[in-house]
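Student: Would you be able to build a 3D model of this:
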Amino acid sequence: MANSLIFHKRITTTLAKAKALRVYVEPLITKAKDDSTHSRRTVFEYLQSKTAVAVLFRDVAEKVGDRPGGYTRILKTGNRIGDNAEMCFIELVDFNENMLAAKESKAKPGRARRGGKKKPAGNVESAKASAPKSSAPAKEASPEVPTEE
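Tutor: Coordinates of the predicted model:
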């Protein structure tokens, strides 16, 4: 599973397996940030795949070089139909283009206010007096016009 995560950057699995995979993969990514022969050999011991080690040290370590930890993200997707197991995505954080694009396009909003516009304290009585007392529209006094029947 660790090789699949490194190759595909995002995989679907059960929640229990994803949590176990996170504990297994994150120390390997931390080791990959230091590109030395010793760390390559240590990571190869775990992954047993030259191509996975190459991808990890070349692509993944380059993107997460400044991140202090938390290289994976688990997103719950619901329960599986057959056995009702909790399913989720586990992905490498810096490789999700959709979330990165949303984060860049989302400008930091200004100060949000909850209440509406405040009315001045002195004009409360005058505002009540000028407001109509009933919600029914006012009828104009017009002479009755006979209709042809």
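
Student: per-residue pLDDT, Arg73?
Tutor: pLDDT, Arg73: 95.

Student: What strands line up against the helix or strand where it lies, and which way round?
Tutor: In this assignment (DSSP states H and E), Arg73 forms part of strand 72-79. Looking at strand 72-79 with DSSP bridges, its partner strands are strand 86-92 (antiparallel).

Student: Please enumerate the helices of the chain.
Tutor: Assigned by DSSP state H, the chain shows helices spanning 2-8, 15-32, 37-47, 50-55, 61-63, 97-105, 124-130.

Student: how about the first one: buried residues?
Tutor: Residues 2-3, 5-6 are the ones in helix 2-8 that count as buried (16 or more other C-beta atoms under 10 Å). For the C-beta atoms, the positions are set from N, CA and C on the backbone; glycine is no exception.

Student: what's the most distant pair in the residues you listed?
Tutor: Farthest pair in the buried residues of helix 2-8 (C-beta to C-beta) is Asn3 and Leu5. Separation: 7.3 Å.

Student: where's the residue positioned nearest the centre of the chain relative to Met1, distance?
Tutor: Nearest to the mean C-alpha position of the chain, by C-alpha atoms, centre = their mean, lies Met99 at 6.5 Å. Going from Met99 to Met1 by C-beta to C-beta, to the nearest Å gives 22 Å.

Student: Gly70 now?
Tutor: Gly70 sits 19 Å away from Met1, going by C-beta to C-beta.

Student: Please apply the same query to Lys19.
Tutor: For Lys19, the distance to Met1 (C-beta to C-beta) stands at 12 Å.

Student: Over to Asn84?
Tutor: With distances taken as C-beta to C-beta, Asn84 is found 21 Å from Met1.

Student: neighbour count winner among those two?
Tutor: Using other C-beta atoms under 10 Å as the criterion, Asn84 and Met1 rank with Met1 on top: 14 against 9.

Student: quick one, what contacts the more buried one?
Tutor: With contact taken as C-beta atoms under 8 Å, 6 or more residues apart in numbering, Met1 is in contact with 11, 13, 17, 21.

Student: pLDDT weak spots in this structure?
Tutor: For the chain, applying pLDDT under 70 flags the ranges 107-113, 116, 118-149.

Student: mind redoing it with 80?
Tutor: 97-149 (pLDDT under 80).

Student: on that earlier part again, tell me which of the helices of the chain sits nearest to Lys117.
Tutor: Minimum separation from Lys117 across these (C-beta to C-beta) falls at helix 124-130, 12.4 Å.
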